[in-house]
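> quick check, what structure comes out for this input:
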Amino acid sequence: MITREIREDSIVFVRGNVSCWRNAISGSYSWRNLRGRVQINPAGEILEKDCLLRLDRVNREAFSDLCMKFQNRLSRFSDFKLSIVVKDRMERIFWENGKDERSCNSIKISLTSRLWGSYLAEAPIVLNLWDSLHRMFERLYSYVEESACLPVLTGSRCTRSHLRGVLLPPRSAGFFFHETLGHMLEADVRGLYPGENLIGMDERINVIDDVRGNEHLIGLAEVDDLACTMSPVSLVEQGHVRRLISIEYTMNGNSSSDGFARASTCFEKPVPRMRVTQVLPVSPSDSDTLDLDGHWFSLEHALQGSVTPGTGEFKIIGSGFHMMNGERIGFNGSIMITGRLENILRKLVHIGSESSVYAADCGKMGQAVRVGYGAPMTALSGSTLKLAEPGAEN
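Next up, the predicted model:
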């Protein structure tokens, strides 16, 4: 049996109100094949453990005043609705031969407007809560301020000119590869392997899943949720799929695990999920100079994404800037990019030499787990993509 204790503290600003709460859960479980046995335990020591933020001690009035100040600054541009969620999570997992402790925290800022569109950003807390809030808001404000100075170009208007491609800055590139290639590598995705959607990829695509150095971003440490040691894994090498993300794999007749079992709580069945999945940057000498002549769309913020395993059709929804000959000429706060993986991954227009790792909550099969993703700046060919308003017919 494995015992898992979770405590999550939250403080939330939404519609001008601040709320604060704590969730604590503890249980023991044993999963074998498709059958599981779970029992509820008292919350135990996890409630007594001190944490970095102590959100229960945050001055709610000061937090509310700061958030209202942010909201008021944005009101000069549009009818924005601002929400801010701060979370601090701790976990302890015990099994017969050991234990593991995990922790992570995050600030999530979301912005919605009927006229402008949507924005979502998430980052860990650096130094302290107040400095991190200020830094994140200033990035948001700069984005809104720049977009307000440009004409709004809808999906229908922007496609009147020939689209050379879609530019994905590192955060959007990481999100794109996570939602498309990453989920297609999860072994429980049916209709995938050895399908044609991931055959013949660009040889510059190399994908690894490695938690090391980013444990604090996603709240993992040494083992997965079945107490298996997490090992770094090379998933794609020079465009060829080498391994799938699976709870167990068989090699030379022996079964083993690299620690991909994830579950949101102790009451859900663990499933194979990504941990920190990265598309590796190429060496500077192999990174071609990107030609931005003509019409490009730069997806600055990706909000939603999905892929259909059987067909490889994907869609990414977000916001960004239209560019002509390298200059930003318009803004679209809600745009949908669609295409097919077998077309878009066969030949990337550009892949950069620098990348960063980001984190977010990822939902699948009714469970949300924290994941990390990263990729260098990437450019996709416009000949294989469509831009449209979300909900529009292709």
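> could you use CA atoms for every contact and neighbour count after this?
Fine.
> so residue 18 sits against residue 66, correct?
No. Using Cα atoms under 8 Å as the test, residue 18 is too far from residue 66 to be in contact (11.2 Å).
> could you list the single helix or strand in the protein with the lowest mean pLDDT?
Every helix and strand in the chain was compared by mean pLDDT, DSSP states H and E; the lowest is helix 155-158, with a mean of 51.
> between residue 18 and residue 66, who's got more neighbours?
More crowded of residue 18 and residue 66, by other Cα atoms under 10 Å: residue 18, with 18 against 15.
> which residues does the more buried one contact?
11-12, 60, 63-64 (Cα atoms under 8 Å, 6 or more residues apart in numbering).
> return the member of those residues nearest to residue 173.
For these, the residue nearest residue 173 by Cα to Cα is residue 12; the value is 28.7 Å.
> ok, that closest one to residue 86 distance?
Distance of residue 12 to residue 86, given as Cα to Cα, to the nearest Å: 6 Å.
> could you do residue 243 as well?
Counting by Cα to Cα, the gap from residue 243 to residue 86 is 36 Å.
> which one's more surrounded, these two?
Counting neighbours by other Cα under 10 Å for residue 243 and for residue 86 shows that residue 86 has the greater number, 23 against 16.
> hang on, the more buried one packs against residue 8?
No. Assessed by Cα under 8 Å, residue 86 is found out of contact with residue 8, at 10.3 Å.
> and the helix or strand containing residue 130, what does it pack against?
Under the criterion DSSP states H and E, the helix or strand holding residue 130 is helix 129-148. If contacts are counted by 3 or more Cα pairs under 8 Å, 6 or more residues apart in numbering; DSSP states H and E, helix 129-148 sits against strand 98-113.
> okay, the angle between the strand it packs on and helix 129-148?
Angle of strand 98-113 versus helix 129-148, following axes from the mean of the first three to the mean of the last three Cα atoms, to 10 degrees, is 40 degrees.
> so which residues make contact with strand 98-113?
By Cα under 8 Å, 6+ apart, the residues outside strand 98-113 that reach it are 78-94, 118-125, 133, 136-137, 216-223.
> how about 6 Å then?
79-93, 118-125, 216-217, 219-221 (Cα atoms under 6 Å, 6 or more residues apart in numbering).
> not counting residues beside it along the chain, what's closest to residue 114?
Nearest residue to residue 114, sequence neighbours excluded (Cα to Cα, 6 or more residues apart in numbering): residue 79, at 7.3 Å.
> can I take it that the one you found is in a strand?
No. Going by DSSP: H, G, I helix; E, B strand; the rest coil, the assignment for residue 79 is coil, not a strand.
> roughly how far apart are it and residue 350?
Distance of residue 79 to residue 350, given as Cα to Cα: 37 Å.
> what does residue 134 give?
From residue 134 to residue 350 the distance is 34 Å (Cα to Cα).
> more neighbours, those two?
residue 350 (19 against 14).
> the more buried one against residue 379, yeah?
Yes. Applying Cα atoms under 6 Å, one finds residue 350 in contact with residue 379, separated by 4.9 Å.
> mind showing which ranges of this structure have poor pLDDT?
32-54, 56, 154-161, 189-197, 249-256, 287, 391-394 (pLDDT under 70).
> break it into its domains for me.
Recorded structural domains for the chain (assignment: automatic domain parsing) are 2-148, 155-388.
> winner for burial among the ones you listed?
Highest mean neighbour count of the domains of the chain: domain 155-388, a mean of 19 (counted as mean count of other Cα atoms under 10 Å).
> what about the helices in the protein?
Assigned helices in the chain, in chain order: 60-74, 129-148, 155-158, 170-177, 183-184, 215-218, 341-344 (criterion: DSSP state H).
> got those helices as TSV, with distance to residue 106 columns?
Below are the helices of the chain laid out as TSV (distance: least, Cα to Cα, whole Å):
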stretch	distance to residue 106
helix 60-74	15
helix 129-148	10
helix 155-158	33
helix 170-177	16
helix 183-184	23
helix 215-218	8
helix 341-344	31
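> for these, which one sits closest to residue 283?
With Cα to Cα as the criterion, residue 283 lies closest to helix 170-177 of these, at 15.6 Å.
> starting at the chain centroid, how far to that closest one?
Computed by Cα atoms, centre = their mean, to the nearest Å, the chain-centroid distance of helix 170-177 equals 8 Å.
> so which elements touch that helix?
strand 367-381 (3 or more Cα pairs under 6 Å, 6 or more residues apart in numbering; DSSP states H and E).
> with only the CA atoms kept, save the strand it packs on in CSV.
Provided in CSV are the C-alpha atoms of strand 367-381 (Å, rounded to 0.1, in the frame of the first residue of the first chain):
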residue,chain,number,x,y,z
GLN,A,367,-7.7,14.6,-13.6
ALA,A,368,-5.5,17.7,-13.5
VAL,A,369,-1.8,17.3,-12.7
ARG,A,370,1.0,19.8,-12.7
VAL,A,371,3.3,19.5,-15.7
GLY,A,372,6.3,21.3,-17.1
TYR,A,373,7.0,22.0,-20.8
GLY,A,374,9.7,23.7,-22.8
ALA,A,375,10.8,24.4,-26.4
PRO,A,376,12.9,26.9,-28.3
MET,A,377,11.3,29.5,-30.5
THR,A,378,9.7,27.6,-33.4
ALA,A,379,8.2,28.7,-36.7
LEU,A,380,5.5,26.7,-38.5
SER,A,381,4.7,26.8,-42.2
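> now the angle between strand 98-113 and that strand, please.
Taking the same axes, to 10 degrees, strand 367-381 and strand 98-113 form an angle of 60 degrees between their directions.
> partner strands of strand 367-381, with direction?
When pairing is defined by DSSP bridges, strand 367-381 lines up against strand 163-168 (antiparallel), strand 276-279 (parallel), strand 350-364 (antiparallel).
> for residue 202, which of those strands is the nearest?
strand 350-364 (10.2 Å).
> quick check: angle from the closest one to helix 170-177?
60 degrees.
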